[in-house]
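Student: Output the structure for:
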Amino acid sequence: MKHSIRRQFSIIFIGVMAGTILLLLLANNLFLGRYYEHRKQRVIFDAYDSIKQAAGSDSYGSDQFQQELEQVCRSYNISICIMDVQSKVKYVSTNGGKELEARLLGYIFAFPMDVVEVLQTGDEYSLQRTNSDGIEYLELCGRLDSGISFLMRTPMESITESARLANTFFIYVGCIGALAGAIIFWIVSRRITKPILELNRISEQMVQLDFEAKYQGKDRNEVDLLGENINKLSETLEKAISELKTANNELKKDIAQKEEIDEMRKEFLANVSHELKTPIALIQGYAEGLQEGIDDDSESRDFYCEVIVDEAGKMNRMVQQLMALNQIEFGTDVVSMERFDVVEMIENYLQSVTILVRQKDVQVKIDSYDPIYVWADEFRTEEVFANYFTNAVNHCEKERIISIDLEQLEGKVRVKVFNTGEPIPEEALEHLWEKFYKVDKARSREYGGSGVGLSIVKAIMDSMHQQYGVENYKNGVLFWFELELVQEKIETDSCVVV
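Tutor: As a prediction, this is how the structure comes out:
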């Protein structure tokens, strides 16, 4: 990643390390010399205070005091020489103190000395920088009120050389430390950035609406708390999106249903208007004829009245069918599933239409069956069969035979109604179940068909969730529907002709 936190942290760490090293080098160059000189002065003044205290208590000649001075001289590389009032040596340090005797006498008797710079003076002392044999020293000499003279000297090593060596050391150590620190930080930072990268991966999946990935953290730090919140956010978003999609799907269904209802309403109005236009025109025309007395003889008046009654009856039947279809399609009429004998239902219906069969001069064939019990709405099932049978009677031609069969299937019984005659055109088969569709409008008008019967069949069978259909044969047409079978065994005997 070009701008990863890991890389940024590493750059910041290396920058801080480099800045710290540079700051140390600068402080070393600017302040090391002063600090070194101040430290030397402090050591000399500490020794001076010790001598002054010992002189005040007259204990400077004791072995304990001398041991203490010797310890200071060895620890801080100081040479000391002390003389009494008679200029006799009372103490000389072992590390070069003998060389200071002559020099201390020179100070006592005010001989010219090689003083480079006087740094500080007091009532009893003088601090100065001197040079002897090319070596620079820091000296403190003076005479106490008690008459004791002293001289302390410590060499001043080359501050420049010390600073250079220190800077070189700092550079080496700093670079090694910075490199080692950068490597360690790079390794350790992976532990910090790894959960962040994991959260980034999870968030990318969430962008794609994939909420399966969950953050798994156990450190209980801030990143883990963020991961837990992202997990909760993921669950909330998944639930919200699921509810939104469900609501959206329902909305689409409602919109589609509304559009379908609108289309059905427009189609219904257009079809009803078309279907009612002819009978209304006929009723109006014949009624006006009666009113105006066009034909005064009783036979003509009876004919006019028969036409009016016949057309009014057709309109009434169509309205009733439309009302029934509307109740079925919109679920206002409850489907009452009950157990009944479909054979008995068919036989009773055929018995009721015996006169119609004889008037139409058709022959009905049905085998003799034992009782076949099914689960269905008996009243609606009879209406489906009645529509099939009525269509068969009205379109029966040639041999003028209607054949009714019951076929056993897996858990179903298929009721078939076949009539001889002309097959239905193939292009019309898929439209048969549409409201007001008529294959032959002139012939439908002849027997009073409204084009709603098969739409009612479709609505009834859909309400019971059963199959239905139509098949063409060379010598006729077969309509069928299926019902849920209770008693699966079907036995046939001799053929019965109605």
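
Student: list the contacts for Asp254?
Tutor: By CB atoms under 8 Å, 6 or more residues apart in numbering, no residues touch Asp254. (Glycine included, C-beta is placed from N, CA and C.)

Student: which element is it on?
Tutor: For Asp254, the host element (DSSP states H and E) is helix 222-292.

Student: and that helix, how far from the chain's centre?
Tutor: Remark: helix 222-292 is offset 31 Å from the chain centroid, using CA atoms, centre = their mean, to the nearest Å.

Student: Please apply the same query to stretch 361-370.
Tutor: 66 Å.

Student: just stretch 202-213 next, same as before
Tutor: Counting by CA atoms, centre = their mean, stretch 202-213 comes out at 4 Å from the chain centroid.

Student: Do me a favour and average the pLDDT over that stretch.
Tutor: Stretch 202-213 shows a mean pLDDT of 74.

Student: Remind me which helix or strand the residue most central in space within the chain belongs to.
Tutor: With distances taken as CA atoms, centre = their mean, the residue of the chain nearest its centroid is Met206 (3.2 Å). Applying DSSP H and E as the criterion places Met206 in helix 159-207.

Student: Show me what that helix is packed up against.
Tutor: Under the contact definition 3 or more CB pairs under 8 Å, 6 or more residues apart in numbering; DSSP states H and E, helix 159-207 sits against helix 5-57, helix 222-292.

Student: contacts for stretch 459-479?
Tutor: The contact list for stretch 459-479 (CB under 8 Å, 6+ apart) reads 325, 328-329, 331, 335, 337, 376-377, 380-381, 383-384, 388, 391-392, 395, 398-399, 412, 416-421, 423-424, 426, 429, 432, 457-458, 480-484.

Student: so of those residues, which ones are in helices?
Tutor: 325, 328-329, 380-381, 383-384, 388, 391-392, 395, 426, 429, 457-458 (DSSP state H).

Student: Return the residues in contact with Met83.
Tutor: If you count contacts by CB under 8 Å, 6+ apart, Met83 has them with Val89, Lys90, Leu104, Leu105, Ile108, Ile148, Ser149, Phe150.

Student: Three-state assignment for the residue with the largest distance to the centre of the chain, please.
Tutor: Farthest-out residue of the chain from its mean C-alpha position, per CA atoms, centre = their mean: Gln86, at 100.6 Å. Secondary structure, DSSP: H, G, I helix; E, B strand; the rest coil: Gln86 is coil.

Student: any idea how far Val92 is from it?
Tutor: Plainly put, Gln86 is 16 Å away from Val92 if you go by CB to CB, to the nearest Å.

Student: Check which residues of stretch 469-483 are buried.
Tutor: Within stretch 469-483, the residues that qualify as buried are Val470, Gly476, Val477, Leu478, Phe479, Trp480, Phe481, Glu482, Leu483, counting by 16 or more other CB atoms under 10 Å.

Student: and Gln321, what pLDDT?
Tutor: Listed pLDDT for Gln321 reads 59.

Student: now do Trp375
Tutor: So Trp375 comes in at 91 (pLDDT).

Student: Would you check that my belief about it contacting Glu482 is correct?
Tutor: No. Distance between Trp375 and Glu482: 11.7 Å, which falls outside the contact criterion (CB atoms under 8 Å).

Student: low-scoring pLDDT stretches of the stretch 201-350 of the chain, where are they?
Tutor: Scanning the stretch 201-350 of the chain for pLDDT under 70 picks out 211, 217-220, 264-279, 282, 286, 293-297, 310-311, 313-334.

Student: if we can go back for a sec, am I right that the residue nearest to the centre of the chain is in contact with Asn231?
Tutor: No. Applying CB under 8 Å as the test, Met206 and Asn231 come out as separate, 10.5 Å apart.

Student: On the three-state scheme, Gln67 is what?
Tutor: Under three-state DSSP, Gln67 falls in the helix class.

Student: now swap in Ala110 and tell me
Tutor: Quick answer, by three-state DSSP: Ala110 is coil.

Student: Begin at 18 from now on, thanks
Tutor: OK, 18 is where the count begins now, so the last one is Ala127.

Student: Neighbours of it, how many?
Tutor: Look at Ala127: counted by other CB atoms under 10 Å, it has 7 neighbours.

Student: what's the spacing between it and Gln103?
Tutor: Distance from Ala127 to Gln103, counting by CB to CB: 18 Å.

Student: just to revisit the earlier point, which ones are touching the residue nearest to the centre of the chain?
Tutor: Applying CB under 8 Å, 6+ apart, the residues near Met223 are Ile247, Leu250, Ser251, Leu254.

Student: just Phe62 next, same as before
Tutor: Contact analysis of Phe62 by CB under 8 Å, 6+ apart lists Leu157.

Student: confidence score at it?
Tutor: Phe62 carries a pLDDT value of 87.

Student: Just the buried residues from the contacts of Met223, in PyMOL please.
Tutor: Buried residues among these (16+ other CB under 10 Å), as a PyMOL selection:
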select buried, resi 247+251
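
Student: Could you export the contacts of Met223 as TSV, including distance to Val326?
Tutor: Conversion of those to TSV gives the following (distance: CB to CB, whole Å):
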residue	distance to Val326
Ile247	79
Leu250	75
Ser251	74
Leu254	69
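
Student: Which member of the contacts of Met223 is positioned nearest Ile193?
Tutor: For those, the closest approach to Ile193 (CB to CB) belongs to Ile247, at 41.2 Å.
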